[in-house]
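> Show me the folded form of this:
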Amino acid sequence: LTQLVDATLRQLWLQAGLPADCTLAAVGGYGRGELYPYSDVDVLLLLPDAAEPARDAGLRQRIEGFITACWDSGLEIGSSVRSVADCLDVGRDDISVQTALLEARLVTGNRALFREFQQCFTAALDPLDFFTAKRLEMRQRHVKYEDTPYALEPNCKESPGGLRDMHIIGWAMRAAGIGRRWDDLARAGLATAHEVRQLRRNEAVLSRVRMRLHLVAGRREDRLVFDLQGAVAASFGLADRIAPDGRLTLRAGEVLMRRYYWAAKAVVQLSQILLQVIEERLRAERGEPAPALRPLNARFLERAGLLEVADDALYQRDPHAILEGFLLLERVPGVKGFSARTLRALYNARTRMNRSFRADPVHRQ
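A predicted model of the protein is given here:
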């Protein structure tokens with residue numbers, strides 16, 4: 001779909017007769033090549049600093065003609081017309097614009113102008129400030145969407161554990177210069193091979209659900225509302241589960257939601273870990289000293305209000321320490337959460353929390 005839109009826009013750009021020193025760039029989700037059936041097509045018409053559409057009637061007419069032709073072709077265009085200086089000024093004051101520009105991709109037009117934009121934008125971007133703003137935006141969004149991945153009618157894009165949480169990781173990677181692909185996290189030593197596989201797998205689940213939602217609803221719809229859950233499940237070929245005695249044990253929509261909740265839960269867990277390690281990398285690159293470690297006992301330490309395991313294999317070697325960590329979180333003043341190292345150790349030890357773990361007298365106490 002992205003390739004088809006690219007080809008359409010190139011043809012319309014030629015027909016509009018825009019000057020050779022102008023550039024058309026894809027931004028936002030379209031910029032990263034992620035168009036869903038009813039997604040908006042966000043574009044940036046990049047002009048040289050000397051161009052002034054307000055005073056140049058011919059240029060203004062060509063721009064207006066291009067945008068009108070896009071709408072007439074059936075594209076839901078979200079367009080902005082800016083110079084490089086305008087992009088930097090607006091992005092400085094608006095984190096949403098800055099985020100969209102971070103994903104800019106050349107579609108057609110003057111390559112030299114686009115390279116100039118990229119160089120100026122990268123030089124002006126403060127990765128840690130950008131990251132901090134996106135983390136705050138993420139917390140506010142989670143509160144808006146019930147602060148749980150288990151909402152009965154979740155938004156597969158905006159709810160906790162949705163696609164937007166994965167976008168946050170991707171934006172942080174790009175701003176930090178780590179790369180654009182999940183494999184780049186592993187190459188930078190920030191994610192394990194298993195975590196990269198989990199990112200890919202759960203991104204695929206969430207993406208397919210969102211695609212089917214658009215197609216079933218016939219419009220841009222990102223909410224798994226009750227009225228659509230059954231139809232989306234049927235589009236995947238899922239069916240009601242019937243017991244041998246003929247009883248209905250699980251509706252197709254419930255089978256779909258189980259798959260969704262597993263994926264959303266994994267995204268929440270992975271984003272907690274990966275965003276912490278990216279932040280640590282950014283702070284170290286800025287030259288901020290690492291917070292001091294304070295021993296709490298032989299198994300746990302405290303760093304900047306976060307509980308940290310003394311070694312990565314602690315939970316595998318001593319499963320009793322799993323619940324001890326939660327007990328310390330409640331009892332030790334100033335400890336407000338788990339470090340990325342502890343979260344990763346918990347994630348890797350999740351299979352230890354089984355029936356025998358729950359029956360252990362020490363754990364029950």
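> Please make it C-alpha for all contacts and neighbour counts, starting now.
Fine.
> is it true that residue 10 touches residue 108?
Yes - in this structure, residue 10 is within contact of residue 108 by Cα atoms under 8 Å, at 6.1 Å.
> the more surrounded of these two?
residue 108 (19 against 15; other Cα atoms under 10 Å).
> Can you show me the helices along the stretch 51-200 of the chain?
For the stretch 51-200 of the chain, the helices defined by DSSP state H, counting those that start in this stretch cover 57-72, 84-93, 95-102, 111-124, 127-144, 163-176, 182-187, 193-217.
> can those helices go into TSV with extra columns for distance to residue 237, mean neighbour count and mean pLDDT?
As requested, those are exported to TSV (distance: least, Cα to Cα, whole Å; neighbours: other Cα atoms under 10 Å; pLDDT from 0 to 100):
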stretch	distance to residue 237	mean neighbour count	mean pLDDT
helix 57-72	35	15	94
helix 84-93	44	16	93
helix 95-102	36	19	95
helix 111-124	44	15	96
helix 127-144	31	16	96
helix 163-176	23	20	96
helix 182-187	29	17	96
helix 193-217	12	18	96
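> Now distance to residue 341 too, for these, in TSV please.
Below are the helices of the stretch 51-200 of the chain laid out as TSV (distance: least, Cα to Cα, whole Å):
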stretch	distance to residue 341
helix 57-72	49
helix 84-93	33
helix 95-102	28
helix 111-124	30
helix 127-144	19
helix 163-176	17
helix 182-187	15
helix 193-217	13
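> Ok, which of these comes nearest residue 22?
helix 111-124 (7.4 Å; Cα to Cα).
> Now find how far off-centre the closest one is within its chain.
Offset of helix 111-124 from its chain centre (Cα atoms, centre = their mean, to the nearest Å): 24 Å.
> In terms of secondary structure, what does that helix contact?
On a contact count with 3 or more Cα pairs under 8 Å, 6 or more residues apart in numbering; DSSP states H and E, helix 111-124 meets strand 23-26, helix 84-93.
> Same list (these) but as a markdown table, adding distance to residue 121.
Listed next are the helices and strands packed on helix 111-124 as a markdown table, based on distance: least, Cα to Cα, whole Å:
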| stretch | distance to residue 121 |
| --- | --- |
| strand 23-26 | 14 |
| helix 84-93 | 7 |
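> mind checking which of the helices of the stretch 51-200 of the chain is nearest residue 1?
Per Cα to Cα, nearest to residue 1 of the helices of the stretch 51-200 of the chain: helix 193-217, 11.9 Å.
> Show me which positions of the helix or strand following the closest one end up buried.
Sequence order places helix 226-235 as the next helix or strand after helix 193-217, per DSSP states H and E. Buried residues in helix 226-235, defined by neighbour count with 16 or more other Cα atoms under 10 Å: 228, 229, 230, 231, 232, 233, 234.
> next one: stretch 301-320
So for stretch 301-320, counting by 16+ other Cα under 10 Å, buried means 301, 302, 303, 305, 306, 307, 308, 309, 310, 314, 315, 316.
> just checking, the fourth one touches residue 328?
The one in question is residue 305. No - applying Cα under 8 Å as the test, residue 305 and residue 328 come out as separate, 11.8 Å apart.
> how much space is there between the residue lying closest to residue 311 once chain neighbours are set aside and residue 307?
Ranked by Cα to Cα, 6 or more residues apart in numbering and with sequence neighbours excluded, the top spatial neighbour of residue 311 is residue 299, at 7.7 Å. According to Cα to Cα, to the nearest Å, residue 299 and residue 307 sit 10 Å apart.
> do the same with residue 282
Taking Cα to Cα, one finds residue 282 at 20 Å from residue 307.
> Which other helices and strands does the host helix or strand of residue 12 contact?
Using DSSP H and E, residue 12 maps to helix 2-16. Other elements packing on helix 2-16 under the criterion 3+ Cα pairs under 8 Å, 6+ apart are helix 57-72, strand 105-109.
> Quick check: residue 88 touching residue 124?
Yes - in this structure residue 88 lies within contact range of residue 124 using Cα under 8 Å: 7.4 Å.
> Give me the nearest residue to residue 49, chain neighbours excluded.
Residue 49's closest residue in space is residue 83 (Cα to Cα, 6+ apart), at 5.3 Å.
> what about that neighbour, how many neighbours?
Residue 83 has 22 nearby residues by other Cα under 10 Å.
> My guess is it contacts residue 48. True?
Yes - counting by Cα under 8 Å, residue 83 does reach residue 48; the two are 5.6 Å apart.
> if we can go back for a sec, what's the pLDDT at the residue nearest to residue 49?
We have a pLDDT of 94 for residue 83.
> Tell me who's in contact with it.
46, 47, 48, 49, 51 (Cα atoms under 8 Å, 6 or more residues apart in numbering).
> Buried subset of those, written for PyMOL?
In PyMOL, a selection of the buried entries from the contacts of residue 83 looks like this (16+ other Cα under 10 Å):
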select buried, resi 46+47+48
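> for the contacts of residue 83, which one is nearest residue 36?
Using Cα to Cα, those come closest to residue 36 at residue 46, 24.7 Å.
> gap between the closest one and residue 35?
Counting by Cα to Cα, the separation of residue 46 from residue 35 is 21 Å.
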